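Novice: following is a predicted model, sequence given first.
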Amino acid sequence: MRMARPLSILFKLAIAMGVVLLFYIVYLDSSVTQRFTHARYQAPALIYSEGLALSPEQPVSLTRLLEELRALDYRNSRYARSVGEYQHQGQQVLLYRRSFDLPQQILPAKRVRLLFNDEDVLARIETWPEQNALMELHLEPQFLGRFSSDNAEDRLLVGLEQVPTLLQETLLLIEDQQFYHHWGLRPTSILRAALTNLRAGRTVEGGSTITQQLVKNMFLTHEQTYIRKFNEALMALILDFRFSKDTILETYFNEVYFGQDGAHAIHGIALASQFYFGTTIDALNVEEIAMLVGMIKGPGIYEPRRNPERAKARRDLVLRLMFERELISQTQYLAALDSPLTTRAGSRLARFNRPDFIDLVQQELRLLLPDRSWQETGLRVFTTFSPGLQVALEEAARQSTQAEALGALERAMVVSDYRTGAVKALVGGRNPVFAGFNRALAAARPVGSLIKPWVYAVALEQPERYQLASLLDDSPLRLTDEKGEVWAPRNFDGEFLGPITLYQSLVESRNIPVVRVGLDVSAQAVSERIRQAGVVRKVNPWPSLFLGAVELTPLDVNRLYSALANAGRAQRQHSITAITTHRGEVLYRAHDSTAKGNSAQVFTEEAAYLTRFALQGAVRQGTAQALQRFAPDLAGKTGSTNDLRDSWFVSFDGAYVLTTWVGADDNSSIGLTGSRAALPLADAFWSRVGVQPQSTELPATLAMKHFHLATGGRLGEHCEGAVALPAFRSEQDNNRLDCRGAVVNDPQDTREQPEQKRRSWWRRIFN
């Protein structure tokens, strides 16, 4: 009886503990299964630039190519025999391009030779060593940065089918040879490790399977306690029971930790291959696979940049085991063993900080994907960003002699391709913007004279009333404004010129004529055209609008002038070309720029052309003539506001429109006009990138004619004071005019009659 009672108590306690353990297992099962099924990962949005396109038809310079290769962390080697290497010798570059997964396209690794002419311009691309000519070659995009997940872990998700077989086999060889044959635990390994640790008095050996490692990384802390090890064992059994071995292995490849990129933890084999070697996992060679698998044991201990000797010893050990288990041949083993320990030149994923442009990408991404559910799949965001243009823009805005002359004044610059609406480069302040005030996107300031071409473009859509040669009235004007106050606008120079052609008024940026034209076409019409171009800010239809009393950001201004530069058509402004999940599923693709709803015809082609011609005149001989060496391929317009608080300059060539603003954050006067502050920064930019030719083809309805610059009357071609201006065709175009504007009978003789009388009698007879 005495023994029965204690046994009964023990039996009941065992039952109770069994019930508790059962409920605990049910709880763990629910937690592990829920997390593993629905919230397995948190992955960041990885942001990429556009890739540099190489083609003999649109060649780049040798210097530009080498800059791009260095930015992409290509290694300069003797023979360029490995992916990610190049050799530069004289006028040729031997390049082994890395592979890269683009949206709906895979760039395979490719070895090529690029030949440059005596002017260091790309002349030919050919495969190597086959020497077959290629019409074009795309380099992989640069990594710009990321929008972090909530747990600040970085990873690039891949499916198990994307992981090379050799990489899978090597991992199992080193970490868990019986992975496909146990139930998540190896009791013998656990027992052996426990005995070893007991003898040592501390933890010196682990017996964890891949499943246990995954449980520890995803669900538990790294503290060495028996309770944690007990939970780890139970969870490993549950995981192995609930999910397939392939699913567990795939998750491990995406979860395993590989070190730090600053404050960001690098997880997963795919991102680790980019972080350490700048390549995709399918392009990893034997020694790179060995190094990555070897690092898993201790990413801090075997980090190749900080501890190269330890990392190489660990790599070589893995290589030996791979050879002994016949995963690689003797030739592969010896070649890998002799190879030096090489990694990317850069120690950060994003080699250059581009916070100014990334602000714009983040704004657009929030509109396209408003919530953060994308963290479950991760994103790859492909942008319109041009590294080459960005470098030139930053140098112009922050490092040029023109920039130094501005001292502490703030500045913002935006470059976009007006043919597509793609924003290519952006500077948001005197210093890089790190979670601060991005003036290119957020500084809404009065635009001053920048609005004048917009007013004239509206008027030039009425050719029966307005053409470039039309005379306007530059005389004193008094109006009653929207507040009931008398408004008497003045010209910047304080003078009034009387009759003046529309062309000359725009070239010289006169105030009074544009106000008169604006009153005629109406402020409402001008305001409506601004809205049609895509500007969403409020634009009050008041007469003061004609002199720039509207607050716009540099990005808004870029949008407006893109329409003028692009034959009157405004393309949707954007910074994102495509968004995919980490595994390549396309979530968004920017539509073709000509698609319906993606652009708007704001002005007629003729009105846009006439306005563009006048803006080219402003560079040749007007307020922007400091850039006349770029004429006629550059058009531009200066802008200044009251008390010289803001300095603006907009310019465009055959491809890009550049908006430049200079001012002070406190809105105080800077004492500098658009031609004194903003224009020099634009000068520095165009000097670096060069100016692309603008098309000289006129719309079919226009023809070049000659007019007297002062009177606006038509003249003969060689007359004094004549200027060639585009104008609408008419029935009188075939008439030849003399220097008084009269029709002459002899089509070969357009000179003034008094000169004819002074000619000798025999010349008049025998002409």
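Specialist: Right, received. Where do you want to start?
Novice: please read off the pLDDT at I25 from the model.
Specialist: I25 is assigned a pLDDT of 69 by the prediction.
Novice: my read is that Y503 contacts Y466, right?
Specialist: No - using CB atoms under 8 Å, Y503 is not in contact with Y466; the gap is 10.9 Å. The C-beta positions use only the backbone N, C-alpha and C, and glycine is treated the same way.
Novice: mind checking which of those two has more residues around it?
Specialist: Neighbour tally, Y503 and Y466, criterion other CB atoms under 10 Å: the higher count belongs to Y503, 25 against 20.
Novice: what helix or strand is that one located in?
Specialist: Applying DSSP states H and E as the criterion places Y503 in helix 502-507.
Novice: how far off centre is that helix?
Specialist: What separates the centre of helix 502-507 from the centre of its chain is 36 Å, taken as CA atoms, centre = their mean, to the nearest Å.
Novice: quick one: the strands in the stretch 301-450 of the chain?
Specialist: 379-383, 410-417, 422-427, 445-446 (DSSP state E, counting those that start in this stretch).
Novice: which outside residues touch the third one?
Specialist: When contacts are taken as CB atoms under 8 Å, 6 or more residues apart in numbering, the neighbours of strand 422-427 outside the stretch itself are 356-357, 360, 384-386, 389-390, 392-394, 397-398, 411-417, 440-441, 555, 558, 573-575, 577, 656.
Novice: just the buried residues out of the residues you listed, in ChimeraX syntax.
Specialist: In ChimeraX, a selection of the buried entries from those looks like this (16 or more other CB atoms under 10 Å):
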select :356,357,360,384,385,386,389,390,392,393,394,397,398,411,412,413,414,415,416,417,440,441,555,558,573,574,575,577,656
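Novice: sort out for me which of the contacts of strand 422-427 are in helices.
Specialist: Among those, the members found in helices (DSSP state H) are D356, F357, L360, L389, Q390, A392, L393, E394, A440, L441, L555, N558.
Novice: for the first one, give me its contacts.
Specialist: For D356, the contacting residues are L426, V427, G428, G429, P432, V433, N438, A440, by CB under 8 Å, 6+ apart.
Novice: give the closest residue to it in space, chain neighbours not counted.
Specialist: Spatial nearest neighbour of D356, excluding adjacent residues (CB to CB, 6 or more residues apart in numbering): G428 at 3.9 Å.
Novice: and stretch 75-84, what's buried?
Specialist: In stretch 75-84, counting by 16+ other CB under 10 Å, buried: R75, A80, S82, V83, G84.
Novice: can you lay out the residues you listed as a markdown table showing distance to T37 and pLDDT?
Specialist: A markdown table is the format used below for those (distance: CB to CB, whole Å; pLDDT from 0 to 100):
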| residue | distance to T37 | pLDDT |
| --- | --- | --- |
| R75 | 42 | 87 |
| A80 | 46 | 91 |
| S82 | 41 | 85 |
| V83 | 37 | 85 |
| G84 | 38 | 87 |
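Novice: can I get those residues in TSV including distance to A684 and secondary structure?
Specialist: Output for the buried residues of stretch 75-84, formatted as TSV (distance: CB to CB, whole Å; DSSP: H, G, I helix; E, B strand; the rest coil):
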residue	distance to A684	secondary structure
R75	32	strand
A80	35	coil
S82	39	coil
V83	37	coil
G84	34	coil
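Novice: for L365, state which of those residues is nearest.
Specialist: Closest approach to L365 among the buried residues of stretch 75-84 (CB to CB): G84, at 29.3 Å.
Novice: quick one: the closest one from P387, how far?
Specialist: 18 Å (CB to CB, to the nearest Å).
Novice: return the closest of the buried residues of stretch 75-84 with respect to L46.
Specialist: Here the nearest of the buried residues of stretch 75-84 to L46, counting by CB to CB, is G84; it sits at 18.7 Å.
Novice: for T280, give me its contacts.
Specialist: Contacts of T280 (CB under 8 Å, 6+ apart): R98, S99, F100, D101, A270, S273, Q274.
Novice: and it, how far is that from V381?
Specialist: As for T280, its distance to V381 is 17 Å (criterion: CB to CB).
Novice: what's the closest non-adjacent residue to V515?
Specialist: Excluding its sequence neighbours, the residue lying closest to V515 (CB to CB, 6+ apart) is F546, at 4.9 Å.
Novice: tell me how this structure divides into domains.
Specialist: The record assigns the chain these domain ranges, following automatic domain parsing: 1-38, 46-146, 153-338, 395-689, 702-766.
Novice: okay, these, which one's buried deepest?
Specialist: domain 395-689 (a mean of 20; mean count of other CB atoms under 10 Å).
Novice: can I assume Y96 sits in a helix?
Specialist: No - Y96: not assigned to a helix; according to DSSP: H, G, I helix; E, B strand; the rest coil it is strand.
Novice: in contact with it, which residues?
Specialist: A80, R81, S82, V83, G84, E85, Y86, A109, K110, R111 are the contacts of Y96 under CB under 8 Å, 6+ apart.
Novice: would JSON lines of those residues with distance to R620 be doable?
Specialist: As requested, the contacts of Y96 are exported to JSON lines (distance: CB to CB, whole Å):
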{"residue": "A80", "distance to R620": "48"}
{"residue": "R81", "distance to R620": "54"}
{"residue": "S82", "distance to R620": "53"}
{"residue": "V83", "distance to R620": "50"}
{"residue": "G84", "distance to R620": "48"}
{"residue": "E85", "distance to R620": "48"}
{"residue": "Y86", "distance to R620": "43"}
{"residue": "A109", "distance to R620": "50"}
{"residue": "K110", "distance to R620": "46"}
{"residue": "R111", "distance to R620": "48"}
